[in-house]
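S.K.: Model the following, please.
(2 chains)
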Protein chains: 2
Amino acid sequence: MIWYGRMTDQSSTKERILAAARDLFTQRGFEAVSVRDIVARARVNLGAVTYHFGSKEALYHAALSSMADPFAALVAQIAARPGAPLDRLDAVVRGALAHLLDNPGPPAILLRELASDRPLPPPIANLMRRNLGAVATIIAEGQRDGSIRQGDPALLAVTVMSQPFFVRAARRVVTVALGADSSDPDQQARITDHVAESVRRSVANTPPVPS
Amino acid sequence: MIWYGRMTDQSSTKERILAAARDLFTQRGFEAVSVRDIVARARVNLGAVTYHFGSKEALYHAALSSMADPFAALVAQIAARPGAPLDRLDAVVRGALAHLLDNPGPPAILLRELASDRPLPPPIANLMRRNLGAVATIIAEGQRDGSIRQGDPALLAVTVMSQPFFVRAARRVVTVALGADSSDPDQQARITDHVAESVRRSVANTPPVPS
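M.R.: Here you go, the predicted model:
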């Protein structure tokens, strides 16, 4: 959780509000949290949310951005490394899965928003577009050098990102299905290797599998 | 929505309560719905929930089961058809994706529960175990006849089910990423073909992709 900064007595009011908002929105979702809950947790006065953020919704978006931006930056940074496209996809998948497993807040909020009928908040829609876009760029490179099969790069990017997402989203079910504890590092390494191998096979430019 | 029965004036009190519970729990989640909300929507008296179901939690589980059971039955029925293992996996993936896209309620509740810290309600945990189990059985068959690659069948089953799940969960993002409307039947057919092809490649017993 080092991404999100640490709360100290020296933390500014704005940072304290953001940290409280991240915790509470992650635990309960947007509707179930009031501005009063947030100011009580942050130990600031009621007017501070309006002063620093303008509205509860703007604070929610700021809290989402503060969690989404490090994830998008991580994926972009891995994607920009040199190397063969399939190997860079491998690194993105491993990095994304590790990030999702290490940071419980962002997946919880993402799942809750995907479950709702509301339009996706811009920070979440942007995160997913940025990550899928970074992957699609690698895929297009692999299509040019012949290492990745033909097809819509955006659709192939969905295939790549679906597996780390599902493994994290359904972690408790995966744990039961595998009869093993996914927080055990050996087990986690085995799942990560499996996901990376499956992604590589699903997008590599190999002959079609006969029916 | 034919799976869930149709409400008519002749519907029994119990069926009316179940239908109201499915609608409200799907829209708002377990905590945000009261027994009073449900009896008001179902137009039954307040005691009817206790009489027919015992408690709000038991009604929630009954509502979940009434949505989960048709999905598990569908997957089991497709999985039991004759045919080559890879072709049966293909049919399961297509059937699961079509079911998830046609029935908005179950994915919404599933995502909301996966987002929460609560233990998974038994009907949801059972659904996921049954579906992953049906897929793992096909995979073990394919490993015996040489058509599917070696590896833990439970882990390979996670790979198979992750893609229909993600495409449905992230439908609004996928729509934007592809620059097309996923409710357009042509677009939906294209996404389904892509998912089926990616799953087949990810589990088929082909040589490893070189680094």
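S.K.: for the helix or strand of chain A with the lowest mean pLDDT, packing partners?
M.R.: Ranked by mean pLDDT, DSSP states H and E, the weakest helix or strand in chain A is helix A:171-178, scoring a mean of 74. Counting contacts by 3 or more CB pairs under 8 Å, 6 or more residues apart in numbering or on different chains; DSSP states H and E, helix A:171-178 packs against helix A:185-203, helix B:122-145, helix B:153-169. C-beta coordinates here come from the backbone N, C-alpha and C atoms, glycine included.
S.K.: mind giving me the domain split of chain A?
M.R.: Chain A breaks down by automatic domain parsing into domains covering A:9-54, A:61-203.
S.K.: Relative to the whole chain's centre, how far out is the longest one?
M.R.: In other words, domain A:61-203. Taking CA atoms, centre = their mean, to the nearest Å, one finds the center of domain A:61-203 at 7 Å from the center of the full chain.
S.K.: in chain A, what spans have low per-residue confidence?
M.R.: Within chain A, the stretches with pLDDT under 70 are A:1-11, A:177, A:180-183.
S.K.: run the last query once more with 50
M.R.: A:1-6, A:9-10 (pLDDT under 50).
S.K.: who touches residue A:89 in this structure?
M.R.: By CB atoms under 8 Å, 6 or more residues apart in numbering or on different chains, the contact set of residue A:89 is A:135, A:138, A:139, A:142, A:160, A:199, A:200, A:203.
S.K.: Find the residue closest to the first one in space, skipping its chain neighbours.
M.R.: The one in question is residue A:135. Computed as CB to CB, 6 or more residues apart in numbering or on different chains, the closest residue to residue A:135 that is not its neighbour in sequence is residue A:157, at 4.0 Å.
S.K.: Tell me how far the one you found lies from residue A:123.
M.R.: According to CB to CB, to the nearest Å, residue A:157 and residue A:123 sit 19 Å apart.
S.K.: Those two: which is more packed in?
M.R.: residue A:157 (26 against 20; other CB atoms under 10 Å in any protein chain shown).
S.K.: Am I right that the more buried one is in contact with residue A:143?
M.R.: No. If you go by CB atoms under 8 Å, residue A:157 and residue A:143 don't touch, sitting 11.9 Å apart.
S.K.: Residue A:117: what secondary structure?
M.R.: What DSSP: H, G, I helix; E, B strand; the rest coil gives for residue A:117 is coil.
S.K.: Isn't it up against residue B:27?
M.R.: Yes. Using CB under 8 Å, residue A:117 is in contact with residue B:27, at 7.3 Å.
S.K.: Pull up the overlap in contacts between those two.
M.R.: Shared contacts of residue A:117 and residue B:27 (CB under 8 Å, 6+ apart): residue B:108.
S.K.: Between the two, which is the more surrounded one?
M.R.: Just comparing residue A:117 and residue B:27: by other CB under 10 Å the higher neighbour count belongs to residue B:27, 14 against 8.
S.K.: For that one, list the residues it contacts.
M.R.: A:117, B:108.
S.K.: you'd agree it is in a helix?
M.R.: Yes. Assigned with three-state DSSP, residue B:27 falls within a helix.
S.K.: how close does it get to residue B:12?
M.R.: Residue B:27 is 23 Å from residue B:12, where distance means CB to CB.
S.K.: cool, residue A:138 as well?
M.R.: Counting by CB to CB, the gap from residue A:138 to residue B:12 is 56 Å.
S.K.: and what of residue A:35?
M.R.: 45 Å.
S.K.: before we move on, back to that, who has more neighbours out of residue A:138 and residue B:12?
M.R.: Using other CB under 10 Å as the criterion, residue A:138 and residue B:12 rank with residue A:138 on top: 27 against 10.
S.K.: Pull the contacting residues for that one.
M.R.: Residues in contact with residue A:138 (CB under 8 Å, 6+ apart) are A:79, A:85, A:88, A:89, A:92.
S.K.: which stretch of helix or strand covers the closest residue to residue A:63 other than its chain neighbours?
M.R.: Closest residue in space to residue A:63, ignoring its immediate chain neighbours: residue A:21 at 4.2 Å, by CB to CB, 6+ apart. Using DSSP states H and E, residue A:21 sits in helix A:13-28.
S.K.: give me the number of residues near residue A:133?
M.R.: Neighbour count for residue A:133, taken as other CB under 10 Å: 18.
S.K.: typo on my end, residue A:36
M.R.: Using other CB under 10 Å, residue A:36 is surrounded by 10 other residues.
S.K.: And the strand or helix carrying it, what's buried?
M.R.: Using DSSP H and E, residue A:36 falls within helix A:35-42. Of all the residues in helix A:35-42, those buried under the rule 16 or more other CB atoms under 10 Å in any protein chain shown are A:35, A:38, A:39, A:41, A:42.
S.K.: Which residue, other than its chain neighbours, is closest to the fourth one?
M.R.: Yep, that's residue A:41 we're talking about. Residue A:41's closest residue in space is residue A:20 (CB to CB, 6+ apart), at 3.9 Å.
S.K.: Please look at the one you found and residue A:38 and confirm they touch.
M.R.: Yes. Residue A:20 is within contact range of residue A:38, at 5.0 Å (criterion: CB under 8 Å).
S.K.: coming back round to it: so can I have CSV of the contacts of residue A:89 showing distance to residue A:170?
M.R.: Shown next, in CSV, are the contacts of residue A:89 (distance: CB to CB, whole Å):
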residue, distance to residue A:170
A:135, 21
A:138, 26
A:139, 25
A:142, 28
A:160, 17
A:199, 17
A:200, 21
A:203, 22
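S.K.: Tell me the one among those nearest to chain B.
M.R.: Using CB to the nearest CB, residue A:200 comes nearest to chain B of the contacts of residue A:89, at 5.1 Å.
S.K.: so who does that closest one touch?
M.R.: So residue A:200 contacts A:86, A:89, A:90, B:209 (CB under 8 Å, 6+ apart).
S.K.: Nothing else from me, thank you.
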